[in-house]
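Undergrad: Next one to model:
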Amino acid sequence: MRAVFDATPLQRNAHLSDRFGADIWLKREDLTPVRSYKLRGAFNAMRKVLAKDDGVTQFICASAGNHAQGVAFMCQHFGVRGTIFMPVTTPQQKIQKTAMFGGDNVRIELVGDYFDVTLRAAQDYAAQEGGHFLSPFDDEDVIEGQASIAVEIEAQLGQAPDHLILPVGGGGLSAGVTSYFGHQSQFTYVEPAGGACLRAALQAGRPVALPRVDTFADGAAVARIGERTFARLAEVGLANTLSIPEDRICITMLDMLNVEGIVLEPAGALAVDALQDLGRAIHGRTVVCVTSGGNFDFERLPEVKERAQRFAGLKKYFLLRLPQRPGALKEFLNFLGPNDDISRFEYLKKSARNFGTVLIGIETTQPENFAGLLARMEAAGFLCNDITNDETLSQFLI
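TA: Reported below is the predicted structural model:
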């Protein structure tokens, strides 16, 4: 691999170490040439296929973005053709980067809203065209390539870490690193709550398809863990898995950006986000978090901030029943505290009614400020309905 790209740095993070009382290191896979670890598996699998000299000149893959970029980069490196299937919902930044890395060697096909639809389309195409299908995770050579992260960690740290925190999508990274370190380290496997396919497989005793996947953490939004990856993870135990709410990941993304200047995509922030759940389990220990990717489209930053504020309880949305009389709006504004700020206000006055409905968004500096605001409104007879966590209403109105 060293002929293609350098080892990624293993960096001790003083801010996180002080905050959690441990010796915390970040394995910066967000600093590879394609800003994720995925080119490791692509390189290893492709070089082995080409070494067989079976006449393979085209590689086909399905990916939400990072595996696609890794395959594209390696198609350019090896001088072979690649056809890359990506979900229609893939962020434009990842599509453009894939095209840039692959150049004339790569053709991109956008198929399906969800990864599993994209995967089937790519596999069907490979069967028809006779190219080599390269799985993003469920391939022994891909798993072996991802295990090179562990080799680097051991060399850079001088030993196996006490504790490794690994993000899990389809399981290629976690299967490779776990297989390398074995029982030398303790592991925590972290998934987005809306795509916890490892946890579902452990509960069922076999890989199962999730009925629904939240695609926000697109780098780890996989409905079904791989057969080969699960074979290596089947004994890890439910107690060593964590499912992280997607909105909470946003707080960690912003913290890493604002405090450390580190740009992480949602899946890339999973391992760091998990630190707050481990508590005394990591106190005083050497802990390595794998920051698996940094392919973040900054057009999504307002959404990340919105999700973070809502999860932290610093922003809420209400449907307010406002009397249709002079001075009612001014009366309501007087209920606001010194740190309360209106971020959204939509009012439809209907002359045939005594009350009108207002959609109002309020930001504040402390979650407890909302209790005082609501108490003042209730005492004055102003009725409102908190729709912040009402998924149907918030998706439609917000």
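Undergrad: distance of Val263 from Ala68?
TA: 19 Å (Cβ to Cβ, to the nearest Å). Where C-beta positions appear, they are placed from N, C-alpha and C, glycine not excepted.
Undergrad: Between the two, tell me which one has more neighbours.
TA: Ala68 (30 against 18; other Cβ atoms under 10 Å).
Undergrad: ok, then the element right after the helix or strand containing that one?
TA: Element membership for Ala68 (DSSP states H and E) is helix 66-78. Using DSSP H and E, the next helix or strand after helix 66-78 towards the C-terminus is strand 81-86.
Undergrad: Okay, buried residues for that following strand please.
TA: In terms of neighbour count (16 or more other Cβ atoms under 10 Å), strand 81-86 has its buried residues at 81-86.
Undergrad: From the rest of the structure, what touches the helix holding Ala68?
TA: 4, 33-43, 46-47, 50, 59, 61, 63, 81-82, 84, 86, 94, 97-99, 101-103, 105-106, 108, 134, 136-137, 219, 293, 295 (Cβ atoms under 8 Å, 6 or more residues apart in numbering).
Undergrad: number of nearby residues for Gly70?
TA: 31.
Undergrad: Spatially nearest residue to Ile262, not counting backbone neighbours?
TA: Closest residue to Ile262 apart from its sequence neighbours, by Cβ to Cβ, 6 or more residues apart in numbering: Met256 at 4.5 Å.
Undergrad: Wait, a strand at the one you found?
TA: No. With DSSP: H, G, I helix; E, B strand; the rest coil as the criterion, Met256 is helix rather than part of a strand.
Undergrad: Just give the strands next to the helix or strand that contains Leu322 in its sheet, each with its orientation.
TA: Per DSSP H and E: Leu322 is located in strand 315-323. The pairing partners recorded for strand 315-323 under DSSP bridges are strand 355-363 (antiparallel), strand 383-386 (antiparallel).
Undergrad: Can you dump the C-alpha atoms of the shortest one in PDB for me?
TA: Spelled out, it's strand 383-386. Output of strand 383-386 as PDB, limited to C-alpha atoms (Å, rounded to 0.1, in the frame of the first residue of the first chain):
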ATOM      1  CA  LEU A 383     -52.000  27.300  24.400                       C
ATOM      2  CA  CYS A 384     -49.300  25.700  22.300                       C
ATOM      3  CA  ASN A 385     -48.300  22.200  21.100                       C
ATOM      4  CA  ASP A 386     -44.600  21.200  21.100                       C
END
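Undergrad: I'd like the average pLDDT over stretch 13-30.
TA: Mean per-residue pLDDT for stretch 13-30: 97.
Undergrad: What residues sit buried inside it?
TA: 13, 16, 20, 22-30.
Undergrad: Looking at those residues, which are in helices?
TA: Residues of the buried residues of stretch 13-30 located in helices (DSSP state H): 16, 20.
Undergrad: and the buried residues of stretch 13-30, which of them are in strands?
TA: 23-28 (DSSP state E).
Undergrad: quick one, phi/psi of Phe345?
TA: Backbone dihedrals for Phe345, given as degrees, to the nearest 10, come out at phi -150, psi 110.
Undergrad: Restricted to helices, list the contacts of helix 66-78.
TA: 38-43, 46-47, 50, 94, 97-99, 101-102.
Undergrad: and Thr83, what does it touch?
TA: By Cβ under 8 Å, 6+ apart, the contact list for Thr83 reads 58-60, 106-107, 109, 122, 125, 129, 131.
Undergrad: From what I see, the residue nearest to Ile262 and Gly268 are in contact.
TA: No. Here Met256 lies out of contact with Gly268, judged by Cβ atoms under 8 Å, at a distance of 9.0 Å.
Undergrad: With neighbour numbers in mind, choose between those two.
TA: Gly268 (32 against 24).
Undergrad: How about the more buried one, nearest residue that isn't a chain neighbour?
TA: Gly293 (3.9 Å).
Undergrad: Look up which residues are beta-bridged to the one you found.
TA: Ser36.
Undergrad: Next up, the contacts around it.
TA: Gly293 neighbours (Cβ under 8 Å, 6+ apart): 29-30, 35-38, 66, 219, 264-265, 267-268.
Undergrad: ok, now Ile108?
TA: 68, 84-86, 95, 98-99, 102.
Undergrad: Out of those, the closest to Gly284 would be?
TA: Taking Cβ to Cβ as the measure, Ala68 is the one of the contacts of Ile108 closest to Gly284, at 40.5 Å.
Undergrad: Which pLDDT value goes with that closest one?
TA: Confidence score, pLDDT, at Ala68: 94.
Undergrad: ok, now Ala220?
TA: pLDDT, Ala220: 89.
Undergrad: Quick check, it in contact with Ala196.
TA: No. In this structure Ala220 lies outside contact range of Ala196 using Cβ under 8 Å: 9.5 Å.
Undergrad: neighbour-wise, which of those two wins?
TA: More crowded of Ala220 and Ala196, by other Cβ under 10 Å: Ala220, with 30 against 25.
Undergrad: give the contact list for the more buried one.
TA: Contacts of Ala220 (Cβ under 8 Å, 6+ apart): 167-169, 191-192, 195, 266-267, 270.
Undergrad: try it again with 10 Å
TA: 64, 66, 167-170, 173, 190-192, 194-197, 213, 244, 249, 265-268, 270, 292-293 (Cβ atoms under 10 Å, 6 or more residues apart in numbering).
Undergrad: What are the boundaries of the strands in the stretch 151-300 of the chain?
TA: With DSSP state E, counting those that start in this stretch, the ranges of strands along the stretch 151-300 of the chain come out as 163-167, 186-192, 241-244, 286-291.
Undergrad: quick one: strands adjacent to the last one?
TA: What that stands for is strand 286-291. In its sheet, and by DSSP bridges, strand 286-291 pairs with strand 23-28 (parallel), strand 163-167 (parallel).
Undergrad: And the chain, split by domain according to the record?
TA: 10-36+142-304, 38-139, 313-397 (automatic domain parsing).
Undergrad: How far does the first one sit from its chain's centre?
TA: The gap between the average C-alpha position of domain 10-36+142-304 and the chain average comes to 9 Å, counting by Cα atoms, centre = their mean, to the nearest Å.
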